[in-house]
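> Return atomic coordinates for the entry below.
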Amino acid sequence: MLSPSGASTSVSSRSSALPISIGDDDAFFRKHEPKEFLLMVLSCFMSIRTQICAFLMHIDIENWIFPAIFAKYINHVIWLHPPWSNQLTNRHPTQYFIGQCKSSENLAVNIPEPYFYNEGIYAHRRDMKSLVPFTLTVSTIHESNTMCSACTDITSELINEAFILDVDLDAFSTQDPFREFYSAEQFALIDKLFTAPRPPPLDLHPGTCKVDAATATSVEAKVVFESASLAAKVVCDEHKAHLSSLWRWMRTLATGAPAVDEERVPSFCDPHELLALATLLLSLPLDTFSPHVHAAIQTTHATALRLVQQHSDTTSIPRLGINDDLLDLDEIGQLRLSHCSLSTESGSPEPPKKKQQRVDSEDLNDSEKTDVAIMACLHDLWKSLADRENYPLPHHVSTAQEQGELVAGLESLLNRLHNPCLITVARSVEDGYTPAEQVADLQMQFFEALRRIYGVEILSVVLDYDGAADDAPILRSMGFEVVDVRGEAQVTSSSSLGERHMRCQPLNYPNLAFTSL
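Alright, predicted model coming up:
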């Protein structure tokens, strides 16, 4: 954490920084890969507003932004992204709404883009309640000597406005931690099971050409937005229903019962899809689930295989035909998983933590709760990984020159702005997004940029990550006041990393610093 001298605030996470360091209606200026822009599917959202400190203790790096917007701590998000990350479409300041879905009470936004409806967190404005408006600006980081219209928007929006600067070092160099974690065959199954349907084409007035966003009238823009919103609603509603169906199967399996009874197979059950799910679950390490759950998965696989063979003259539902050539099933329905065994000895990076979902049933014993939590984690993870061909996670390990250019571009923009009220920086090493061999250099480059922009007299630094004690003397030698150092170097074996992922145990997301100015 960085704080102004004389007003040092000691916090160890972004969540605890929010209620302490900012007031209502702050802008939020972020330099990140957008993985943290996602919403966790949460319930009881009124506690966000009434018990903000307690609520923020239960969320993490990947899901804290929108709850903060809903709580009215932030009213404008400005996202700067590197050229290789295109998960959100660039836009000038645009107003959207966040609110609770009327049907589920879960939090959702009305941004009609795949990034949101693929996760099932999109909702049409009329399907939400407790609406909170916010503004979103998205722009690519530019060279330090350019001042584009988006940068002009940013500087004008932040005049006389308090804002937070939130930086993740993986924005300067990022890797996809899942590239080596799952095999191609497993990814093919994930795609088949969890890919959202394609949105219908926008049906504008006959003869209407493509609308240029730069010259569109307000009426044209509203027509396009409403058409996109309705298309997103169709996709999201269908996708959420399908995800719920998959979750019912997975939750049933987690209790140790087969997903379906062969004697009473529901008419809506697609045996091909059930076979794909059971095959995917069986491809995980043997100790992923307790023995009785693994046995239930095996029984379900055998049942689904028999059903597929009995109905071999029928076809599967359309969604299971997506990328059908990628699935390699042999004549008896067994997946050829040449590299499917997820060895815990693998040196692949730790994948991003997926928040362990709450188990509601009080009737489950501790073992069943663990298995249900694992299934919930996998369900949440796999829906995020689906359709990598069209919506892949960013992967670009930057050269030293590229890193320097990106830091310079950010520095150039910050020099045009007044001081932020809070600076947060995340290393994103343990989650696998920032290359471990580059994080030290990236961290040093960013602190050097902070020193050039703001000096060192008004900054107080709190470091909170494993190995921070080794970095503190270096920052002190640069003139920074390091007021607190938390976290010790810990050697973690690759086997425990694999176990932590599969068991979905909480990981600490190390935050480099918080700054109030």
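> Just give me the neighbour total for Arg476.
For Arg476, the neighbour count with other Cβ atoms under 10 Å is 13. From N, CA and C alone the C-beta is placed, and that goes for glycine too.
> Ok, the one 10 residues further on next?
A count of neighbours around Arg486, defined by other Cβ under 10 Å, yields 16.
> So what sits opposite it in the bridge?
Asp464 (DSSP bridges).
> Start the count at 56 instead of 1 going forward.
Sounds good: first residue 56 from here, last item Arg541.
> Point out where this structure drops to low pLDDT.
56-118, 198-205, 256-273, 317-323, 368-423, 543-572 (pLDDT under 70).
> Walk me through the domains of it.
Per automatic domain parsing, the structural domains of the chain span 57-231+448-570, 239-440.
> can you tell me the distance between the two ends of the shortest one?
Right, the one you point to is domain 239-440. End-to-end distance of domain 239-440 (Cα to Cα, to the nearest Å): 12 Å.
> which other helices and strands contact the lengthiest helix in the chain?
For the chain, the longest helix by residue count, based on DSSP state H, is helix 273-309. Other helices and strands packing on helix 273-309, by 3 or more Cβ pairs under 8 Å, 6 or more residues apart in numbering; DSSP states H and E, are helix 169-172, helix 239-249, helix 326-337, helix 346-365, helix 421-440.
> Strands of the protein, start to end?
Counting by DSSP state E, the segments of the chain that form strands are 57-58, 81-86, 129-136, 146-156, 162-164, 183-195, 218-223, 477-481, 515-519, 536-541, 566-570.
> before we move on, the earlier item: out of the helices and strands packed on helix 273-309, deepest packed?
Across the helices and strands packed on helix 273-309, averaging neighbours per residue (mean count of other Cβ atoms under 10 Å) puts helix 326-337 on top, at a mean of 23.
> Remind me what that helix packs against, helices and strands.
Where contact means 3+ Cβ pairs under 8 Å, 6+ apart, helix 326-337 is packed against helix 239-249, helix 273-309, helix 346-365.
> and the angle for the first one with helix 421-440?
Looking back up the chat, that one is helix 239-249. If you take axes from the mean of the first three to the mean of the last three Cα atoms, to 10 degrees, helix 239-249 sits at 90 degrees to helix 421-440.
> what angle do helix 239-249 and helix 326-337 make?
Relative orientation of helix 239-249 versus helix 326-337 (the same axes, to 10 degrees): 130 degrees.
> From the contact counts, what lies against helix 239-249?
Counting by 3+ Cβ pairs under 8 Å, 6+ apart, helix 239-249 packs on helix 273-309, helix 326-337, helix 421-440.
> could I get the ones you listed as a markdown table with distance to Pro232?
Shown next, in a markdown table, are these (distance: least, Cβ to Cβ, whole Å):
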| stretch | distance to Pro232 |
| --- | --- |
| helix 273-309 | 23 |
| helix 326-337 | 19 |
| helix 421-440 | 11 |
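> Those: which one's closest to Val222?
Closest approach to Val222 among those (Cβ to Cβ): helix 421-440, 22.7 Å.
> Just the angle for that closest one relative to helix 346-365, thanks.
50 degrees.
> What is helix 421-440 packed up against?
Helix 421-440 packs on helix 239-249, helix 273-309, helix 549-558, going by 3+ Cβ pairs under 8 Å, 6+ apart.
> Quick check: which of those is nearest to Ser338?
The nearest among those, by Cβ to Cβ, is helix 239-249 at 5.7 Å.
> Next, the angle helix 273-309 makes with the closest one.
110 degrees.
> quick one on the thing from earlier: for Ala126, find the nearest of the helices and strands packed on helix 273-309.
So among the helices and strands packed on helix 273-309, helix 169-172 is nearest, using Cβ to Cβ, at 19.4 Å.
> out of the helices and strands packed on helix 326-337, which comes closest to Arg482?
Comparing these under Cβ to Cβ, the one sitting nearest is helix 239-249, at 27.3 Å.
> OK, contacts around the closest residue in space to Leu329 that isn't next to it in sequence?
Closest residue in space to Leu329, ignoring its immediate chain neighbours: Ala359 at 4.2 Å, by Cβ to Cβ, 6 or more residues apart in numbering. For Ala359, the contact set (Cβ atoms under 8 Å, 6 or more residues apart in numbering) comprises 315, 326-327, 329-330, 333.
> Check Leu329 too.
Leu329 makes contact with 304, 314-315, 355, 358-359, 362, according to Cβ under 8 Å, 6+ apart.
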